[in-house]
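Q: coords please:
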Amino acid sequence: MSSKDDKEAEIFREIWTSLSQEDVSKYTRDRGGLTYLSWASAWGVLMKKYPGATYEFDPTEFLPDGSAMVNCRLTIKGVTREMWLPVMDYKHKAITKPNSRDVSDQRMRALTKAMAMFGLGHYIFDGEDLPRVPLPILEDINNVKQELGASEVKGFALIDKAKTVDELREIHAKNEKSWKEFGEAAFKEVMKELTKKRKEIEGKDDGTKNSE
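A: Numbering: from 1, shown residues only. Next up, the predicted model:
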């Protein structure tokens, strides 16, 4: 590599080392089963570290099917990262003929992900909310119900009644979406019960086979 390439690589490394250590989990919120980082909060953290950082957006690209793509370039200390995103709705599906608000919102999502490309909150987009503090996992389903103020978590009672792994798969398929809507902690607790029941069924099957 040339000396210029070496210098740029060193700058990228320095920025990544600095920003990837920032815990921005307190600025996140859950929506639709995914964790979002507030662009304004992320930008505030970035400005404390690199106040000279700048960003720019290319003109929105409209595709033949009516959907659109946005592009963001973020420059810190003279080096640049880019991020492209389709304009999507809250279900993460491309919007046909998006309006100006749709485009504006997605541009800021692209900016947030561009910051992640430099290291800031990158773990969030890798499926991790809290890089150093573990998520609170509720001890049992009764705690989940109490936390939610719900008399029953839909589909949970069926797990205990299942007799086969196929029945468990069917329960999972029918109820996974509603479980996720209760939040990450509740969803993990239900999945833990599902796994526990599957192992119980498989253990009984093994015992039956061994006794024959």
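Q: then A110 would be within a helix, right?
A: Yes. Secondary structure of A110 (DSSP: H, G, I helix; E, B strand; the rest coil): part of a helix.
Q: next up, the contacts around it.
A: 57, 70-72, 83-85 (CB atoms under 8 Å, 6 or more residues apart in numbering). Glycine gets a C-beta too; all of them are placed from N, C-alpha and C.
Q: any idea how far N71 is from it?
A: 7 Å (CB to CB, to the nearest Å).
Q: quick check: neighbours shared by these two?
A: Common contacts of A110 and N71 (CB under 8 Å, 6+ apart): 57, 83-84.
Q: okay, these in TSV with secondary structure, distance to V190 and pLDDT next?
A: Formatted as TSV, the shared contacts of A110 and N71 follow (DSSP: H, G, I helix; E, B strand; the rest coil; distance: CB to CB, whole Å; pLDDT from 0 to 100):
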residue	secondary structure	distance to V190	pLDDT
F57	strand	41	97
M83	strand	34	95
W84	strand	35	94
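Q: now those in TSV, please, with extra columns for distance to K77.
A: Output for the shared contacts of A110 and N71, formatted as TSV (distance: CB to CB, whole Å):
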residue	distance to K77
F57	20
M83	18
W84	23
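Q: buried subset of the residues you listed?
A: Buried subset of these (neighbour count, 16 or more other CB atoms under 10 Å): M83.
Q: show me what contacts G78?
A: 8, 11.
Q: sweet, I'm off.
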